[in-house]
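Trainee: sequence unknown, structure follows:
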């Protein structure tokens, strides 16, 4: 089955033509102004048209349009329900299925980016052989998605499995979601600079000389023996590990997939999480497997075909 | 529909004849030795037989036997998979459906006590009008159960929604489940005495003079202005509140039901949790309702009929 796939992120968008697990053609589109989704649509439509031509296909060869979006969405009506503050706020008023019908005469489905990544890993990636899966995406934010018995868990209001927003530090840092001590508030790329700056001894740490305080910098200084970087890294690992145990206790999966930009340093992260989950999670049936996501930035695109194949909620 | 209902706890068992939401007759059976389930079975069979007679019924008038059990069970095969340490450990080898067929010529289903309480509240209690529900049971331990779109969430290995074992203190106390900083390890009746004893100033607190350090004592001393009791109470409330937010973020419910012995002091607990969840949970669609469980100790018995009515997983 072929599909037009669209992946929208904060700073870029991508459009692709997919045939099951193969990306036939793809184009990245820089996002000049992430506040406005409406201005992105004509560029996505133009890109899709060019890509179809390049593949020798027409829209009629595709089953539909599958969109990955960084917010809370209703996949079946195609409506966007809630967006991160300041990002694509106009998208809530848009009728994307109507746009897709007009441009391509095709049905459109949309899914949250974390769930789309899990769909991609299940259909084409490391989760192929499993039906009970949790995915944790460690990056700018921390995303979560769960599949039970082969079905994505969406919830009454399409916001089940806010895996990055399980509180793991009951008196912790304020989170952008409105809660306190969430995994995301305690260990994510957006939270890291402030976590570092208030850490005792930061001014004497090599981290203070970094122009960009991200996890690549943290892992580099930690490997170099910088005491502050080592302590912050240990704390972040513990926070993610607690979040992982919480997800195992919540959804009873066989497999925990770890994705996101932080996993570019998987060797710094996966062994600790593996040890922690195996020694801490209550799983009398056996051991949850932990695996690194295989598809990287392509998971959102490769979720399009299974999303369009879904027959019921 | 009528059913024989059996509720087994650590220190007592109960047997009843149920007609939908009415308890026609019930008998409590003291448990002399909670290590052995096998010796309890003949007494449960005898009690059920007497109760049926008292109601002018025979086993043939009942749809089946519904059992609530404090462990991890497979409701469909009727097998007990894992029990709390030292409790009913022999039960894993028992064939309860066979026992039920021999005694009553009736099918048997079994469910975990936390899920059974939720089934009871959904069928006969405060959750009747809802299909997306989370229940948190605050007592000796902390139990959790979730229903999504009217279906109990059970998980691949029948252990989904270990709601008391979401970690909320990432560097916290050791839990009996093997993890660290779980809601149950930080605020439950079994954990409370040790939490109090290591609290700074405990020796000078009125709590030090209590023969039994339970939540009734804690709330009493807190109301009397005892500073240590007030501080411990505040921390327990925060721990439960974080657990509640975690469950809302995990399962996206409309309703959060709070049960268990701690809720005998609901006026000390519910207003704080209500405020905290409403100010902290990320629910752009509206507000999760928080309600006290209505059925108290009868919820496990009243879950028997809906358990037997379930047609699929």
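Mentor: Here it is on my side, so go on. This is a predicted model, so every value here is computed, not measured.
Trainee: From here on, just use CA atoms for contacts and neighbour counts.
Mentor: Fine.
Trainee: quick one: buried residues of the helix or strand containing residue A:232?
Mentor: Per DSSP states H and E: residue A:232 is located in helix A:227-251. Residues of helix A:227-251 classed as buried by neighbour count (16 or more other Cα atoms under 10 Å in any protein chain shown): A:227-230, A:232-233, A:235-251.
Trainee: and if you look at stretch A:67-77?
Mentor: Under the neighbour-count criterion of 16+ other Cα under 10 Å, stretch A:67-77 has A:67-76 buried.
Trainee: follow-up on the earlier one: ok, and of the buried residues of helix A:227-251, which contact chain B?
Mentor: Among the buried residues of helix A:227-251, the residues lying close to chain B (Cα under 8 Å from any Cα of the partner chain) are A:238-239, A:242-243, A:245-247, A:249-251.
Trainee: ok, now how distant is the residue nearest in space to the middle of chain A from chain B?
Mentor: For chain A, the residue nearest the mean C-alpha position is residue A:114 (3.6 Å; Cα atoms, centre = their mean). Taking Cα to the nearest Cα, to the nearest Å as the measure, residue A:114 falls 14 Å from chain B.
Trainee: Pick the one among the ones next to chain B among the buried residues of helix A:227-251 closest to residue B:135.
Mentor: residue A:250 (12.9 Å; Cα to Cα).
Trainee: So that closest one sits against residue B:167, correct?
Mentor: No: using Cα atoms under 8 Å as the test, residue A:250 is too far from residue B:167 to be in contact (10.8 Å).
Trainee: Next step: the buried residues of stretch A:67-77 restricted to strands.
Mentor: If you go by DSSP state E, these have A:67-69, A:72-74 in strands.
Trainee: Dump those residues into JSON lines; add distance to residue A:134 and pLDDT as well.
Mentor: Converted to JSON lines, those look like this (distance: Cα to Cα, whole Å; pLDDT from 0 to 100):
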{"residue": "A:67", "distance to residue A:134": "21", "pLDDT": "97"}
{"residue": "A:68", "distance to residue A:134": "18", "pLDDT": "96"}
{"residue": "A:69", "distance to residue A:134": "19", "pLDDT": "94"}
{"residue": "A:72", "distance to residue A:134": "18", "pLDDT": "91"}
{"residue": "A:73", "distance to residue A:134": "19", "pLDDT": "94"}
{"residue": "A:74", "distance to residue A:134": "20", "pLDDT": "94"}
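Trainee: and the residues you listed, which two are the farthest apart?
Mentor: Greatest spatial distance in these: A:67 and A:72, 12.5 Å, computed using Cα to Cα.
Trainee: what pairs with the residue nearest to residue A:146 when sequence neighbours are not counted across the strands?
Mentor: Excluding the flanking residues, the one nearest residue A:146 by Cα to Cα, 6 or more residues apart in numbering or on different chains is residue A:134, at 4.4 Å. As for beta bridges, residue A:134 partners with residue A:146, residue A:256 under DSSP bridges.
Trainee: What is the neighbour count of residue A:134?
Mentor: 30 (other Cα atoms under 10 Å in any protein chain shown).
Trainee: Now residue A:131: closest residue in space, sequence neighbours ignored.
Mentor: Distances taken as Cα to Cα, 6+ apart place residue A:150 nearest to residue A:131, at 4.3 Å, with adjacent residues excluded.
Trainee: List the contacts of that neighbour.
Mentor: Residues in contact with residue A:150 (Cα atoms under 8 Å, 6 or more residues apart in numbering or on different chains) are A:130-132.
Trainee: got the residues of the stretch 101-250 of chain A near chain B?
Mentor: Within reach of chain B by Cα under 8 Å from any Cα, the stretch 101-250 of chain A has these residues: A:132, A:148-149, A:155-163, A:165-170, A:177-180, A:238-239, A:242-243, A:245-247, A:249-250.
Trainee: Got the confidence number for the residue nearest to residue A:261 when sequence neighbours are not counted?
Mentor: Nearest residue to residue A:261 in three dimensions, chain neighbours excluded: residue A:139, at 5.0 Å (Cα to Cα, 6+ apart). On the pLDDT scale, residue A:139 is placed at 91.
Trainee: Please give the number of neighbouring residues around residue A:139.
Mentor: Residue A:139 is flanked by 19 other residues according to other Cα under 10 Å.
Trainee: That one reaches residue A:265, doesn't it?
Mentor: No: with contact defined as Cα under 8 Å, residue A:139 does not count as touching residue A:265 (11.5 Å).
Trainee: And for residue A:193, the neighbour number?
Mentor: Other residues lying near residue A:193 total 16 when counted by other Cα under 10 Å.
Trainee: One more: the one 4 residues further on?
Mentor: Taking other Cα under 10 Å as the criterion, the count of residues near residue A:197 is 14.
Trainee: which residues does it contact?
Mentor: Neighbour list for residue A:197: A:203, A:208 [criterion: Cα under 8 Å, 6+ apart].
Trainee: just to confirm, which helix or strand has the residue nearest to residue A:176 when sequence neighbours are not counted in it?
Mentor: The shortest distance from residue A:176 to any residue other than its chain neighbours is 7.5 Å, reached at residue A:185 (Cα to Cα, 6+ apart). Here residue A:185, judged by DSSP H and E, is contained in helix A:183-186.
Trainee: That helix: what's the following helix or strand?
Mentor: helix A:192-197.
Trainee: State the distance from the residue of chain A most remote from its centre to chain B.
Mentor: Most distant from the centre of chain A: residue A:204, at 34.3 Å, with distances by Cα atoms, centre = their mean. Using Cα to the nearest Cα, we find residue A:204 at a distance of 26 Å from chain B.
Trainee: ok, so what distance separates that residue from residue A:229?
Mentor: 11 Å (Cα to Cα, to the nearest Å).
Trainee: Pretty sure residue A:171 sits against residue A:180.
Mentor: Yes: with contacts counted by Cα under 8 Å, residue A:171 reaches residue A:180, the gap being 6.9 Å.
Trainee: quick one, which of these two is more surrounded?
Mentor: Legend: neighbour count by other Cα under 10 Å for residue A:171 and residue A:180, higher for residue A:180 (25 against 15).
Trainee: and the closest residue to the more buried one other than its chain neighbours, what does it touch?
Mentor: Among residues not flanking residue A:180 along the chain, residue A:174 sits closest, at 4.7 Å (Cα to Cα, 6+ apart). Shown in contact with residue A:174 (Cα under 8 Å, 6+ apart): A:180-182, A:185.
Trainee: out of those residues, which is most surrounded?
Mentor: residue A:182 (30 neighbours).
Trainee: Tell me the pLDDT of that one.
Mentor: Looking at residue A:182, its pLDDT stands at 96.
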